[in-house]
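A.B. asks: Any chance you can model this:
(one chain, ligands or ions: 1)
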Amino acid sequence: MPEAEQKLNEAGLRAAKYLNTSETAIFHKRRTLYAADDLTILQFVWPPHVVLFPHDHQMWAANGIYGGGEDNTFYRRTDDGLEVSGGSELRAGDVALLGRDVVHSVENPRRSYAAALHVYGGDFFGAPRSQWDPVTGSRSPFDVEDVRRTLADAQARAEPAPDDPG
Ligand SMILES: [Fe+2]
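C.D. replies: The predicted model follows:
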């Protein structure tokens with residue numbers, strides 16, 4: 001693994017442990033960088049190979065990547081659920097601008113951590129939004145706990161087993 005990727009991995013693991021534990025979940029308001037009715041700024045640390053289910057925001061968003069990679073899949077709504085309409089591969093230095101009607105899923109395609117700042121044009125935690133089951137396509141109310149669980153599961157898979165010498 002290249003040295004820069006190794007260093008990002010080490011820093012990402014430390015940050016993910018801090019941000020994604022159940023007590024200090026990344027979505028807890030005190031862990032956000034800014035939260036108001038008209039603006040929310042979040043720092044995300046994506047564990048390796050995490051895939052976050054499709055969801056909408058109901059507000060504009062600007063996602064800036066400063067480490068690793070974040071792949072986006074975009075969807076259009078159909079009578080049966082969703083169908084893929086496109087995608088983008090973001091790398092450090094890239095910013096994705098998303099309109100308020102966008103439905104997307106997010107994936108860290110790498111074996112290293114990814115780091116991003118997400119800026120939302122509204123109350124990310126309070127606005128009613130939707131998520132979709134990636135298998136059945138069924139729609140349900142957005143649940144921040146599902147996001148936290150998805151991140152924690154991926155982080156657990158990323159960490160070496162206790163008896164793994166490394
Ligand atoms: Fe999103």
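A.B. asks: Asp94 contacts Gly64, correct?
C.D. replies: Yes - applying Cβ atoms under 8 Å as the test, Asp94 and Gly64 come out as touching, 7.5 Å apart. The C-beta positions use only the backbone N, C-alpha and C, and glycine is treated the same way.
A.B. asks: phi, psi of Arg148?
C.D. replies: Here is the backbone geometry of Arg148 (degrees, to the nearest 10): phi -60, psi -40.
A.B. asks: now Gln155
C.D. replies: Note on Gln155: backbone dihedrals following degrees, to the nearest 10 are phi -70, psi -40.
A.B. asks: Ala36 now?
C.D. replies: According to degrees, to the nearest 10, Ala36 has phi -150, psi 180.
A.B. asks: Equivalent analysis for Ala152, please.
C.D. replies: The phi/psi pair for Ala152 (degrees, to the nearest 10) reads phi -60, psi -40.
A.B. asks: for Asp146, same thing?
C.D. replies: Torsion angles, degrees, to the nearest 10, at Asp146: phi -60, psi -40.
A.B. asks: Measure how buried it is and give me the count.
C.D. replies: By other Cβ atoms under 10 Å, the residues close to Asp146 number 14.
A.B. asks: now the strands for the protein?
C.D. replies: Using DSSP state E, the strands of the chain run over 34-35, 40-46, 51-56, 61-67, 69-78, 81-91, 95-98, 103-107, 114-120, 130-132, 139-141.
A.B. asks: is it possible to export these to CSV including distance to Glu3, mean pLDDT and mean neighbour count?
C.D. replies: Putting those into CSV (distance: least, Cβ to Cβ, whole Å; pLDDT from 0 to 100; neighbours: other Cβ atoms under 10 Å) gives the following:
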stretch, distance to Glu3, mean pLDDT, mean neighbour count
strand 34-35, 33, 84, 14
strand 40-46, 20, 86, 22
strand 51-56, 27, 96, 19
strand 61-67, 14, 91, 19
strand 69-78, 18, 95, 17
strand 81-91, 18, 94, 13
strand 95-98, 26, 94, 16
strand 103-107, 25, 96, 21
strand 114-120, 17, 89, 22
strand 130-132, 38, 96, 19
strand 139-141, 43, 96, 12
